[in-house]
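> Kindly generate the corresponding structure for this input.
(chains A and B)
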Amino acid sequence: MGLKSWSLKRSPWIFHISTGSCNNCDIELLDCLTPKFDVERFGILLVGSIRHADALIVTGAVTRQAAPKLKYLWEQMPKPGLVIALGACGCSSGIFRDSYNIIGPVDRIIPVDVYVPGCPPKPEAIISGIVKGLGKL
Amino acid sequence: MEFSLKPLLYFLVFPGFLFTAVVGLLSSWVDRKVSAKVQWRVGPPWYQNFADIFKLLHKEIIVPQGSRFTGFLLAPILGLAGATLVSTILWVINLNPDSGFVGDLIVVLYLLTLPSLGVIIGGSASRNPLGGVGASREMKLILAYELPFIISIFTVVLKVGSILFGDIIGYQQVSGIMLRSPSCIVAFLVALICSQAKLTLVPFDIPEAEQEIIAGPFTEYSGAPLAIFRLTRAMMLFIIPVFLITLFWGGMNFHGWQILATCLKYLAILVFIILVKNTNPRLRIDQAIKFMWGPMTLLAIGGMVLAVVGL
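Residues are numbered from 1 along each chain as shown, chains lettered A, B, ... in the order given. You can find the predicted model right below:
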């Protein structure tokens, strides 16, 4: 294992975007950062700027308004980077699939590396998803 | 003039870049670990900051459209060069106070502002409104803390009667550490609070207030320049306490058991700074300026008056 992949796996900084979620997955994601789960043990930090991010975590079925912004954000992310679709809506648009206002699941707009299903997924599932995604780097 | 590799070695390896970077990243780990303990968490492993820096070095460097290319990329290097130079000067003098090396307090005070200057230039060059706001706040913060900081440091100069580091360390070896006199205790307290602002840690992390302005001047930075900025910050976390120890606490001493005492002095200042960081809310920029130019400056002048009286 080279220095590059070692360091990439040891310090994934995540950036979080909601593309029209009901806020449930977002709360579960923030649960990961609380003292109970403490993802800083694995070097995972929540960053505020997309330029610092290694993993883009997308929640919510993608609405018409959010789709171009999501694409733009992915283009702005320095590569190599991961995209993680969180929750049933992010993976498959969930119950909003037939809505007039929904463009589609996240992978119709940007390439997705990891799908974490669940409504909402448990924090353990989110951590497991990020770890599996890091294996792909 | 004979060419010698020794200054280059000083600058790049031992007291300079490599040594300061490694110790700085370790101190920055102490910062994260102690913060985690305060918040009842486990915290990251010791190699975390090294992983962060190496990761950032391997990432893509994005220069935003319309930003000033040279300024954007040279600003981090300016800060790093300043921090390295300060560290080299401080350590060369501490390891060998009688060497007759002509490095004085004024040079170090100037060089200590270079990292902040790099942040200002980088933030302004990035063509990001948040970066601009962060840069302007950093500028105001410098104006705020430099006044009490310099007054408190000149209390020491007044007592010793010289601005050479060698003389200051020599004075403390002959007649005891500075912290024994009341005037220097006052000056030390002021300098300690100003270092908090110099390191832009809470309550003075106004330039990069992450809840308001994302990451301030660093918003547009990615990859290697961001790594250099983080490295500079980590190095400053090491340099500022060493600077305070040199001035007020008898200098760094490396004979026998003194090594342990030196490490303990450093850790005491570091942990104090971290605890202040973890137990305070952030000030607004106007509150910070009022605090620095009001009570802090008065306290510093009080210390100076005590020194003039002879205490």
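
> So which residues of chain A form helices?
Secondary structure of chain A by DSSP state H: the helices cover A:3-10, A:24-31, A:66-76, A:87-92, A:123-134.

> Looking at the ones you listed, which is nearest to B:Ser183?
helix A:3-10 (47.8 Å; CB to CB). From N, CA and C alone the C-beta is placed, and that goes for glycine too.

> Okay, angle between that closest one and helix A:123-134 too, please.
Orientation check (axes from the mean of the first three to the mean of the last three CA atoms, to 10 degrees): helix A:3-10 against helix A:123-134 gives 170 degrees.

> Output helix A:3-10 as PDB, nothing but the C-alphas.
Output of helix A:3-10 as PDB, limited to C-alpha atoms (Å, rounded to 0.1, in the frame of the first residue of the first chain):
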ATOM      1  CA  LEU A   3       1.600   6.500   0.800                       C
ATOM      2  CA  LYS A   4      -1.100   7.900  -1.500                       C
ATOM      3  CA  SER A   5      -3.700   5.200  -0.800                       C
ATOM      4  CA  TRP A   6      -2.800   5.000   2.800                       C
ATOM      5  CA  SER A   7      -3.300   8.700   3.400                       C
ATOM      6  CA  LEU A   8      -6.500   8.800   1.300                       C
ATOM      7  CA  LYS A   9      -8.000   6.000   3.400                       C
ATOM      8  CA  ARG A  10      -6.900   7.500   6.700                       C
END
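
> for that helix, packing partners?
Judged by 3 or more CB pairs under 8 Å, 6 or more residues apart in numbering or on different chains; DSSP states H and E, helix A:3-10 is in contact with helix B:48-58.

> The helix it packs on near chain A anywhere?
Yes - counting by CB under 8 Å from any CB of the partner chain, chain A has neighbours in helix B:48-58: B:48, B:50-55, B:58.

> From these, list just the buried residues.
B:48, B:50-55, B:58 (16 or more other CB atoms under 10 Å in any protein chain shown).

> Export those to CSV and append columns for pLDDT.
Converted to CSV, those look like this (pLDDT from 0 to 100):
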residue, pLDDT
B:Gln48, 88
B:Phe50, 89
B:Ala51, 88
B:Asp52, 89
B:Ile53, 90
B:Phe54, 88
B:Lys55, 87
B:His58, 85
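
> Kindly give the local confidence score, pLDDT, for residue 18.
Using chain A here. A:Ser18 is assigned 88 on the pLDDT scale.

> I was after chain B.
84.

> ok so, going back, and of the residues of helix B:48-58 next to chain A, the nearest to B:Leu111?
B:Leu111 lies nearest to B:Ile53 out of the residues of helix B:48-58 next to chain A, by CB to CB, at 22.3 Å.

> mind listing what B:Ile274 touches?
Counting by CB atoms under 8 Å, 6 or more residues apart in numbering or on different chains, B:Ile274 makes contact with B:30-31, B:34-35.

> sorry, back to before: closest to B:Gly71 out of the helices of chain A?
The nearest among those, by CB to CB, is helix A:66-76 at 20.6 Å.
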